[in-house]
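Take this sequence and fold it.
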Amino acid sequence: MEPEHRAVLRKFRVLLSDQLLISDAIVPFLFQEGVLTEAQVEQVEGQLTNRQKNLKLLDILPNRGPRAFSAFVEALRDFSWIRDQLLQELQNTPGTGSPGASAGPPRLHGDASGLPDSGLQKVPSDRELSRLASRLGADWEAVLLDLGVSSEALYRCRSDHSLNTGAAVLAGLVLWRRSEGRKATLGRLLRSLEAAGVHPSVLEDAVLG
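Now for the predicted structure:
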């Protein structure tokens, strides 16, 4: 999420936490759009009060990638007065463009990652997953959660490979590929990398390096 988007959410945190009802439409929409993982939906819905749910969502959103803010604003269709305030604030922020400037879909083109569009439809090999696992660094858990690996499976990967983080990452990536089958593509990996704030060149290095 861009710094100006974080600033808007921070400024309106009290208003958002007091007035939103997120369970019926907002959380399902963000899950549908890939902004929230299943585990994160459970974290939000597991809160006892509506205000606590709102605050949990506001804690999660800033770390959910470049589309998180625009998807959140789009989800506010039933709260138009709040949406308009957010967009007006963003429009008044120096250095930002039009309110909808960042509302486009995630970039999945070859010029963003150095990979051809056709290559993004390919299921990654063991070698490619291994090379990616060795390059992910501290963001690996966020990437795997965005891919749909459950918190429980992530815990098992950590426990089984407590002395070797690279092996834990690889185990999680292999688990994801096995569970998703043909849908476990390089393009899907790229989306999760971007959502976790990892530069696309990390995937390019793993595949082409």
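
switch to C-alpha atoms for all contacts and neighbour counts from now on
OK.

Longest helix in this protein, please.
The residue-count maximum for a helix in the chain (DSSP state H) belongs to helix 165-180.

Run through who's touching whichever helix or strand comes after it.
Using DSSP states H and E, the helix or strand that follows helix 165-180 in sequence is helix 186-195. Outside helix 186-195, the residues that touch it by CA atoms under 8 Å, 6 or more residues apart in numbering are 35, 63-67, 106-108, 119-124, 143-144, 146-147, 199-200, 203.

Report the buried members of those residues.
35, 63-67, 107-108, 120, 123-124, 143-144, 146-147, 200, 203 (16 or more other CA atoms under 10 Å).

Which of the helices and strands in this protein ranks last by mean pLDDT?
When the helices and strands of the chain are scored by mean pLDDT, DSSP states H and E, helix 110-113 comes last with a mean of 43.

Next, the angle helix 186-195 makes with the helix or strand that comes right after it.
Remark: after helix 110-113, the chain's next helix or strand is helix 126-133, criterion DSSP H and E. Helix 126-133 runs at 0 degrees relative to helix 186-195, counting by axes from the mean of the first three to the mean of the last three CA atoms, to 10 degrees.

tell me the mean pLDDT for helix 126-133?
For helix 126-133, the mean pLDDT works out to 88.

Mind listing what's buried along that helix?
By neighbour count on 16+ other CA under 10 Å, the buried set for helix 126-133 is 128-133.

Including distance to Gln19, could the residues you listed go into JSON lines?
Formatted as JSON lines, those follow (distance: CA to CA, whole Å):
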{"residue": "Glu128", "distance to Gln19": "46"}
{"residue": "Leu129", "distance to Gln19": "44"}
{"residue": "Ser130", "distance to Gln19": "46"}
{"residue": "Arg131", "distance to Gln19": "46"}
{"residue": "Leu132", "distance to Gln19": "42"}
{"residue": "Ala133", "distance to Gln19": "42"}
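
follow-up on the earlier one: average pLDDT for the longest helix of the chain?
What helix 165-180 shows for mean pLDDT is 91.

Show me what it is packed against.
Under the contact criterion of 3 or more CA pairs under 8 Å, 6 or more residues apart in numbering; DSSP states H and E, helix 165-180 touches helix 126-133, helix 140-147, helix 151-160.

Give me the residues contacting that helix.
With CA under 8 Å, 6+ apart as the criterion, helix 165-180 contacts 123, 126, 129-130, 133-134, 140-141, 144, 147-149, 153-154, 157-158, 160-162, 184.

can you do 10 Å?
123-126, 129-138, 140-141, 143-145, 147-150, 153-162, 183-185, 189 (CA atoms under 10 Å, 6 or more residues apart in numbering).

ok, of these, which come out buried?
By neighbour count, with 16+ other CA under 10 Å, the contacts of helix 165-180 hold 123-124, 129-133, 135-136, 140-141, 143-145, 147-150, 153-154, 157-158, 161, 184-185, 189 as buried.

residue furthest from the geometric center of this protein?
Leu163 (27.2 Å; CA atoms, centre = their mean).

ok, now which ones touch the nearest residue to Glu141 once chain neighbours are set aside?
Nearest in space to Glu141, with sequence neighbours left out and distances taken as CA to CA, 6 or more residues apart in numbering, is Leu154 at 7.4 Å. When contacts are counted by CA under 10 Å, 6+ apart, Leu154 touches 141, 144-145, 160, 168-169, 171-172, 175.
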